[in-house]
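In: generate a structure from the sequence data that follows.
(one chain, ligands or ions: 1)
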Amino acid sequence: MHNMETHNDFLAWAFERGVELYGVEPREIPGSGIGMLATEKLEEDVLILQVPTTLLRTFNTVPKQAIRQNLPTDISVHGLLAADLALDTSDLYTEWNAVCPSKSDMKASVPLAWPPALQSYLPSPAADILSKQQVKFARDWDMVRGVFPDLEEEQYRYSWLLVNTRTFYHSTPETEKMARDDRMALQPVADLFNHADQGCVVNFDPDTFTIRTDRVYEEGEEVFISYGHHSNDFLLAEYGFVLDKNKWDEVALDDMILPELSEGQKEELDGYGFLGNYRLDDEQVCYRSQTALRLLCMDVEAWRRVVEGLDDEDDTKAVVDRVLLRLLKKHDREVVNKITEVEGLPSNNEFSPAQKQMLAKRWRQIRSLVGKTIERLEGGLIPI
Ligand SMILES: C[S@@+](CC[C@H](N)C(=O)[O-])C[C@H]1O[C@@H](n2cnc3c(N)ncnc32)[C@H](O)[C@@H]1O
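Out: Numbers count the residues shown, from 1 in each chain. Okay, the predicted model is just below:
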């Protein structure tokens, strides 16, 4: 929780250092921390924020003597910035730090800070992202703890997550030599914009970062940027929230399809590059899924002829749809079980109601997308 005074001090700090903000201001938004609200009607394509690049926190602003030169040279920029945030005792960033989410905000939202028992209920795409984060975090933490034995893991994880949820992609001639993931910068004020599936236009040049409106915003409306074309499983794992309306949302079907396939069928699919990464979204079940399901419906020679474009895939559509419908109904029952299990978890020291609610909400969104596909299939089934 923050008060308006903290915001005002932060903005004064930023303005003194060259930040310009037009027609938007930070406000507490229930359920999403701080966000930016339009203070007047904003036309499309107007500048609302300009931040001089001199204000960015990058690997270059990490103190050399105290931190950088003590850490292994192959530490990730993510790991380095997190060390800087965790170890900083200067008063350079006091006003900025004061508007950042607290440790308990972070724990309530981002799965990397959740207890393992709750992590185990994540949908598989989010769980896969979490495992990769755990590997990256463990590597960074191993390097940092060796050099700074007094630093606590929880403090470092919190700083690491601040970096994970608040950095912007920033490429310069210097960072172009680095891996894409390392081209990151913390940016004051811009890091107060929340995400929507479509949002304002973020740009940078050597001197400034700018944000311009992508459309008209009415006074009092929240003004968003887009962190990318991300599904809700991705947003949950990386940022600790899910959107109610997300045109990029999708549901993974790997857990539904892979167990149906024999080892031979998996090899066959792999040979053609169609093994795994099965998805459905608001409008369709992906081509990869249909191709895998088709293999369940016909002999391999006939299947190959379809994959190679020699036979028409429409000839088998009705049979594939029937298998799909059967599997989706089974999957729906499994999703219902997940919802019941998550909602039934005890709210105690381990699980907060907020964590449970978000997880249950995600499973309900999955159920809704699966349900829509079931309805569509039932409506369009051709008798065979
Ligand atoms: C770059 S910060 C944005 C500002 C942040 N709300 C704050 O209080 O400082 C990213 C974090 O904001 C929150 N967030 C961003 N967009 C959101 C949204 N549409 N709904 C809920 N939370 C959101 C998430 O906690 C995310 O990790």
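In: and the closest residue to residue 113 other than its chain neighbours, how far from the ligand?
Out: Distances taken as C-beta to C-beta, 6 or more residues apart in numbering put residue 107 closest to residue 113, at 4.5 Å, once the chain neighbours are dropped. Every residue, glycine included, has its C-beta placed from N, CA and C. As judged by C-beta to the nearest ligand atom, to the nearest Å, residue 107 and the ligand stand 12 Å apart.
In: what about the one residue in the stretch 1-150 of the chain that gets nearest to the ligand, neighbour count?
Out: Of all residues in the stretch 1-150 of the chain, residue 33 sits closest to the ligand, at 2.5 Å by C-beta to the nearest ligand atom. A count of nearby residues for residue 33, using other C-beta atoms under 10 Å, gives 21.
In: wait, it touches residue 101, no?
Out: Yes. Between residue 33 and residue 101 there is a contact at 5.6 Å, judged by C-beta atoms under 8 Å.
In: and the strands in the chain, which stretches?
Out: 20-21, 24-28, 34-38, 47-52, 167-169, 184-186, 195-204, 208-212, 222-223, 225, 251-252, 279-280 (DSSP state E).
In: of all the ones you listed, which lies closest to residue 176?
Out: Closest of the strands of the chain to residue 176 is strand 167-169, at 12.0 Å (criterion: C-beta to C-beta).
In: the closest one packs against which elements?
Out: On a contact count with 3 or more C-beta pairs under 8 Å, 6 or more residues apart in numbering; DSSP states H and E, strand 167-169 meets strand 184-186.
In: mind putting the strands of the chain in TSV, mean pLDDT included?
Out: Conversion of those to TSV gives the following (pLDDT from 0 to 100):
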stretch	mean pLDDT
strand 20-21	98
strand 24-28	96
strand 34-38	97
strand 47-52	98
strand 167-169	96
strand 184-186	97
strand 195-204	98
strand 208-212	98
strand 222-223	98
strand 225	98
strand 251-252	98
strand 279-280	98
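In: relative to residue 104, how far out is the residue of the stretch 1-150 of the chain closest to the ligand?
Out: Distance of residue 33 to residue 104, given as C-beta to C-beta, to the nearest Å: 12 Å.
In: with residue 9 instead?
Out: In terms of C-beta to C-beta, residue 9 sits 22 Å off from residue 104.
In: what about this structure, any weak spots by pLDDT?
Out: 1-2, 381-384 (pLDDT under 70).
In: identify the residue nearest the geometric centre of it.
Out: For the chain, the residue nearest the mean C-alpha position is residue 235 (2.7 Å; C-alpha atoms, centre = their mean).
In: is it true that it touches residue 196?
Out: No. Taking contacts as C-beta under 8 Å, residue 235 lies outside contact range of residue 196: 10.7 Å.
In: what touches both of the two?
Out: residue 243 (C-beta atoms under 8 Å, 6 or more residues apart in numbering).
In: the stretch 51-200 of the chain: helices as residue ranges?
Out: 77-87, 94-98, 103-109, 116-119, 124-147, 153-166 (DSSP state H, counting those that start in this stretch).
In: just these: most buried one?
Out: helix 77-87 (a mean of 23; mean count of other C-beta atoms under 10 Å).
In: for that one, which helices and strands make contact with it?
Out: Against helix 77-87 (3+ C-beta pairs under 8 Å, 6+ apart) you get helix 124-147, helix 153-166, strand 184-186.
In: hmm, 6 Å instead?
Out: helix 153-166 (3 or more C-beta pairs under 6 Å, 6 or more residues apart in numbering; DSSP states H and E).
In: list the residues that contact residue 224.
Out: Contact partners of residue 224, counting by C-beta atoms under 6 Å, 6 or more residues apart in numbering, are 194, 196, 199.
In: excluding covalently adjacent residues, which one is nearest to it?
Out: Nearest one to residue 224, counting by C-beta to C-beta, 6+ apart, is residue 196 at 3.6 Å.
In: burial check on that neighbour, number of neighbours?
Out: Residue 196: 18 surrounding residues under other C-beta under 10 Å.
In: let me see the contact set for the closest residue to residue 171 other than its chain neighbours.
Out: Once flanking residues are discounted, residue 171 sits nearest to residue 183: 4.9 Å by C-beta to C-beta, 6+ apart. Shown in contact with residue 183 (C-beta under 6 Å, 6+ apart): 169, 170, 171, 175.
In: of those, buried ones?
Out: Buried by 16 or more other C-beta atoms under 10 Å: 170, 175, out of the contacts of residue 183.
In: most widely separated two among the contacts of residue 183?
Out: Spatially, the most separated pair among the contacts of residue 183 is 169 and 175, at 9.6 Å (C-beta to C-beta).
In: flag every residue of the stretch 151-300 of the chain that's near the ligand.
Out: By C-beta under 6 Å from any ligand atom, the residues of the stretch 151-300 of the chain that approach the ligand are 165, 166, 191, 192, 193, 194, 195, 239, 240, 241, 243.
In: closest to residue 325 out of the residues you listed?
Out: Of these, the one sitting nearest to residue 325 (C-beta to C-beta) turns out to be residue 243, at 27.9 Å.
In: quick one, what contacts the closest one?
Out: Neighbour list for residue 243: empty [criterion: C-beta under 6 Å, 6+ apart].
In: one more time with 8 Å
Out: Contacts of residue 243 by C-beta under 8 Å, 6+ apart are 195, 196, 197, 232, 235, 249.
In: of the residues you listed, which is the nearest to the ligand?
Out: Proximity of the contacts of residue 243 to the ligand, judged by C-beta to the nearest ligand atom, is greatest for residue 195, which lies at 3.8 Å.
In: residues near the closest residue to that closest one other than its chain neighbours, how many?
Out: With C-beta to C-beta, 6+ apart as the criterion, residue 195 has its nearest non-adjacent residue at 4.5 Å, and that residue is residue 227. The number of residues packed near residue 227 is 20, by other C-beta under 10 Å.
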